[in-house]
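Novice: Here's my sequence, what's the structure:
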Amino acid sequence: MEKIAVLVDSGSDLDLEKTKEFGIYMMPFYVNLDGKFYREQVDLKADEFYNWIKKHEKLPKTSIPSPGELIEKLDEIKNDGFEKLIIITISKNFTGFYNLCSQIEYDNLEIEVIDSKSVALTTGLLAIYAKDLIKKGYEFKEIVDRLEDKKKESKIFFTIDSFKYLVAGGRVPKAFGKVGELLNIKPIIVCSPEDGKYHIEKTCRGEKKVLKEMEKIASEYLGKFDKYYMIISNGGYKKGSEILEEKLKVFKEKSTLFLTSQIAPSLGANTGPGLFGFGFLPID
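Specialist: Numbers count the residues shown, from 1 in each chain. Got it, this is the predicted structure:
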């Protein structure tokens with residue numbers, strides 16, 4: 001059997017416990033708070049990050065690891081006895097990590113880099129699916145091909161408390177943000193697997209209508225799948241994810257694998273606190 005490893009970035013929302021549980025390597029992104037750089041998932045936990053944003057009401061800067069740090073991680077993987085490596089990154093529209101991995105020169109491993117065209121734990125679910133295929137004995141090339149096909153079916157839907165952070169990050173027009181704040185409009189945003197960008201799927205007046213709409217979306221998509229991984233995530237708003245989990249209880253119970261997470265700081269820097277949503281990955 002081929003010795004194949006899987007590596008994700010910390011934007012995948014796989015924390016240290018989950019990476020250990022599933023046997024997945026992780027490269028942390030950096031977050032700059034008050035002039036000091038922290039490795040998310042390692043030095044900086046999500047709760048600490050969202051509390052910082054609430055206190056300072058501004059967006060921190062984020063950055064990817066250096067080429068040297070990536071080489072060190074590749075050396076670690078090679079020294080652990082692996083011959084081949086699949087790197088799965090969050091959408092390249094939100095990070096330069098995909099380009100770094102694609103351009104790195106390293107002769108000691110056969111490497112394939114996959115742009116998940118998604119964010120958060122849906123990227124992590126793709127990595128978990130890859131590990132399952134490895135355990136089942138699929139060959140390296142076939143695993144890569146299956147992942148490229150499967151990522152097209154993965155989706156994550158989420159809502160946010162305020163438009164101001166998306167506006168500040170240039171994700172939506174300023175005028176739309178002002179209207180949203182005045183009318184208590186809350187968007188349901190999807191990260192589309194077609195282009196790996198954020199799109200507004202629906203707009204709702206108030207949180208109750210958002211939850212009702214998310215139930216409809218879950219029914220529309222998950223109702224047609226027999227097997228799927230499912231996640232519910234939040235960014236500094238645990239109550240929202242708990243309510244959503246209860247609303248989507250029937251889909252949670254039907255799922256092959258169900259996980260919860262906090263949105264990583266590198267992504268929360270674009271959305272701010274008050275986020276919650278769900279995602280899924282259909283499996284064979």
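Novice: from here on, contacts and neighbour counts on C-alpha atoms
Specialist: Fine.
Novice: Can you pull the phi/psi pair for the residue at minimal distance from the centre of the chain?
Specialist: Among the residues of the chain, the one closest to the centroid is A120, at 1.0 Å (Cα atoms, centre = their mean). Here the main-chain torsion angles of A120 (degrees, to the nearest 10) amount to phi 60, psi -150.
Novice: what's the closest non-adjacent residue to it?
Specialist: Spatially, and ignoring its direct neighbours in sequence, A120 is nearest to S12 (4.4 Å; Cα to Cα, 6 or more residues apart in numbering).
Novice: Over to A5?
Specialist: L85 (4.8 Å).
Novice: circling back: so the residue nearest to the centre of the chain sits against P265, correct?
Specialist: No: at 10.3 Å, A120 does not count as touching P265 under the criterion of Cα atoms under 8 Å.
Novice: Between those two, which contacts overlap?
Specialist: Each of G11 lies in contact with both A120 and P265 under the rule Cα atoms under 8 Å, 6 or more residues apart in numbering.
Novice: coming back round to it: how close does the residue nearest to the centre of the chain get to T19?
Specialist: Per Cα to Cα, to the nearest Å, A120 is found 14 Å from T19.
Novice: just K78 next, same as before
Specialist: 18 Å.
Novice: one step back: remind me which helix or strand the residue nearest to A5 belongs to.
Specialist: L85 is part of strand 84-89, with elements assigned from DSSP states H and E.
Novice: chain center to that strand: distance?
Specialist: Offset of strand 84-89 from its chain centre (Cα atoms, centre = their mean, to the nearest Å): 15 Å.
Novice: Quick check: neighbours of it in the sheet, parallel or antiparallel?
Specialist: Sheet partners assigned to strand 84-89 using DSSP bridges are listed as strand 4-9 (parallel), strand 110-115 (parallel).
Novice: Just give me how far the last one sits from the chain centre.
Specialist: Relative to its chain's centre, strand 110-115 lies at 18 Å (Cα atoms, centre = their mean).
Novice: just the first one next, same as before
Specialist: Here the centre of mass of C-alpha atoms in strand 4-9, compared against the chain's by Cα atoms, centre = their mean, lies 15 Å away.
Novice: One more: stretch 42-51?
Specialist: Chain-centre distance of stretch 42-51: 16 Å, with Cα atoms, centre = their mean.
Novice: ditto for stretch 72-79
Specialist: Relative to the centre of its chain, stretch 72-79 is centred 24 Å away, using Cα atoms, centre = their mean.
Novice: Same question for stretch 203-221.
Specialist: Centroid displacement of stretch 203-221 relative to its chain, using Cα atoms, centre = their mean, is 21 Å.
Novice: downstream neighbour of the stretch of helix or strand S241 belongs to in the secondary structure list?
Specialist: In this assignment (DSSP H and E), S241 forms part of helix 238-247. As assigned by DSSP H and E, the chain's next helix or strand after helix 238-247 is helix 249-254.
Novice: hmm, who's touching that following helix?
Specialist: For helix 249-254, contacts defined as Cα under 8 Å, 6+ apart pick out 218, 222, 227, 230, 245, 258.
Novice: List the contacts of the first one.
Specialist: Going back to what we said before, that points to A218. Going by Cα under 8 Å, 6+ apart, A218 touches 248, 251.
Novice: what's the pLDDT at it?
Specialist: Confidence at A218, expressed as pLDDT, is 97.
Novice: Check which residues of the helix or strand where it lies are buried.
Specialist: A218 is part of helix 207-222 when elements are defined by DSSP H and E. Going by neighbour count (16 or more other Cα atoms under 10 Å), the buried part of helix 207-222 is 207, 210-211, 213-215, 218, 222.
Novice: isn't K227 right next to P282, touching?
Specialist: Yes: counting by Cα under 8 Å, K227 touches P282, with 6.0 Å between them.
Novice: List the contacts of the residue nearest to the centre of the chain.
Specialist: Contacts for A120 were tallied using Cα under 8 Å, 6+ apart; they are 11-13, 90, 263-264, 267.
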